[in-house]
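Peer 1: Sequence first, then the predicted structure:
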Amino acid sequence: MKISATAISLTVDDVPASAEFLASYFGFNEVAAADGFASLVREDAVNVIFLKRGIEILPEGFRNQHAAGVIVAFTVDDLETELERLRNEGVAITLPLREEPWGERLFQVTDPNGVIIQLVEWVTPAGQ
């Protein structure tokens, strides 16, 4: 098997709002859109698809569920620069910059539909 692309699909109430958030603040490009659907790509990241809650393409038992318990994480080279950029652009930081004992530095923002976007930078854990 050869995988040519990878995508995550998230179910939200307002597809255009989430699509615009990723395009405006994270450099994604919308490559396809229709009522209740948007597909966004970025050359260096996983493709992201937003589906409107209730759309018939979703399995019946999942149609009305909202994306929850999911964190979309992007690893970046300069976390502080990205933090400052997003603050300057008016994006609310919903989890402040922190460093985990295993060497993950991160902060989070939340899109208009409640989808958590986490920016990550890996460092050598203290004491190693």
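Peer 2: That came through fine.
Peer 1: From here on, just use CA atoms for contacts and neighbour counts.
Peer 2: Will do.
Peer 1: longest helix of the chain?
Peer 2: Assignment by DSSP state H gives helix 15-26 as the longest helix of the chain.
Peer 1: List of residues touching it?
Peer 2: Helix 15-26 has contacts (CA atoms under 8 Å, 6 or more residues apart in numbering) with 12, 28-30, 36-40, 50-52, 86, 111-113.
Peer 1: 7 Å instead?
Peer 2: The contact list for helix 15-26 (CA atoms under 7 Å, 6 or more residues apart in numbering) reads 28, 29, 36, 37, 38, 50, 51, 52, 111, 112, 113.
Peer 1: which of these lies closest to residue 8?
Peer 2: Closest approach between the contacts of helix 15-26 and residue 8, by CA to CA: residue 50, at 8.5 Å.
Peer 1: Let's verify the closest one: helix, strand, or coil?
Peer 2: strand (DSSP: H, G, I helix; E, B strand; the rest coil).
Peer 1: Contacts only, for residue 59.
Peer 2: Shown in contact with residue 59 (CA under 7 Å, 6+ apart): no residues.
Peer 1: meant to ask about residue 95
Peer 2: Counting by CA under 7 Å, 6+ apart, residue 95 makes contact with 107, 108, 109.
Peer 1: What of residue 55?
Peer 2: Listed by CA under 7 Å, 6+ apart, the contact set of residue 55 reads 36, 63.
Peer 1: Check which helix or strand it maps to.
Peer 2: Using DSSP states H and E, residue 55 sits within no helix or strand.
Peer 1: what do you get for residue 105?
Peer 2: Taking DSSP H and E as the criterion, residue 105 maps to strand 104-110.
Peer 1: Tabulate the CA atom coordinates of that strand in PDB.
Peer 2: Taking Å, rounded to 0.1, in the frame of the first residue of the first chain, the C-alpha atoms of strand 104-110 are listed here in PDB:
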ATOM      1  CA  GLU A 104       7.000  19.100  24.900                       C
ATOM      2  CA  ARG A 105       6.600  22.900  24.900                       C
ATOM      3  CA  LEU A 106       3.100  23.900  23.800                       C
ATOM      4  CA  PHE A 107       0.300  26.400  23.800                       C
ATOM      5  CA  GLN A 108      -3.300  26.100  22.500                       C
ATOM      6  CA  VAL A 109      -5.900  28.200  20.700                       C
ATOM      7  CA  THR A 110      -9.500  27.300  20.000                       C
END
